[in-house]
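In: here you go, sequence then predicted model.
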Amino acid sequence: MLESLRMSLGIKLARRRFHKAKDPVLSFVDAVSGSKRALVIMPLDQRELLSAMNVIEMLKKKFAEEAITVVGDERGMETLRLMPRSHFIQIREADLTRIYHPRAEFLTRLKGTTFDLAIDLNLDLVLPSAYICRESNARVRVGFAGPNADSFFNLQIQPDPTLSRTGIYDRVARCLHMF
């Protein structure tokens, strides 16, 4: 119950923080293909992590590995084997506040780079990941549709509940490939 209260408070405060920052109207025609640098936030669920690898493969075809920054926990280190020249930022529990916002010290590691595209690969809204995606100031911020997703993402993908996790991520890869 306390965790649910902390999460709810964290979402409300994040919404308030980002409410004033209005996104410009974008054309998504070249949203991905016109991007130079990408930020990918790996799923925290181990099952989703394995299923999301096809999105990583699609990004490797679109971007030079050096142009991709990956954020993940210790399980996300597995991504390093697939993309050895990419920049990896590990997020630990100590990098989060009590209301699940990333600490300023963690966010400064992202501030040195300008991202054109940020993708949160968590199927459900995971506040630290969504917050990082929004705070990245990427022109295009991709995440899954759901409650409160509007505060963090400007391109939302509706997951099909009839598909497997792998099927959902296959659809994400195809969707991103279109742009």
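Out: That came through, no problem. Residues are numbered from 1 along each chain as shown.

In: backbone phi and psi for residue 12, please?
Out: The phi and psi torsions at residue 12 (degrees, to the nearest 10) take the values phi -60, psi -40.

In: just give the number of residues close to it.
Out: Burial of residue 12 is recorded as 13 neighbouring residues (other C-beta atoms under 10 Å). (C-beta placed from N, C-alpha, C; glycine too.)

In: quick one: pLDDT of it?
Out: The predicted local confidence for residue 12 comes out at a pLDDT of 81.

In: where in the protein is pLDDT low?
Out: 1, 19-33, 76-80 (pLDDT under 70).

In: what ranges do the strands span in the chain?
Out: Per DSSP state E, the chain has strands spanning 38-41, 68-72, 87-90, 117-120, 140-144, 155-157. These are given in chain order.

In: most packed of those strands?
Out: Stretch with highest mean neighbour count among the strands of the chain: strand 117-120 (a mean of 28; mean count of other C-beta atoms under 10 Å).

In: strands paired with it, and their directions?
Out: The partner list of strand 117-120 in its sheet, established with DSSP bridges, is strand 38-41 (parallel), strand 140-144 (parallel).

In: can you give the contact residues for the shortest one?
Out: Spelled out, it's strand 38-41. Contacts to strand 38-41, defined as C-beta atoms under 8 Å, 6 or more residues apart in numbering, come from residues 55-56, 59, 62-63, 67-72, 110, 113, 115-122, 129, 132-133, 136, 138.

In: got the CA coordinates for it in CSV?
Out: Output in CSV follows, covering the C-alpha atoms of strand 38-41 (Å, rounded to 0.1, in the frame of the first residue of the first chain):
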residue,chain,number,x,y,z
ALA,A,38,18.6,7.4,-29.8
LEU,A,39,18.0,6.7,-26.2
VAL,A,40,16.6,3.2,-25.4
ILE,A,41,15.2,2.4,-21.9
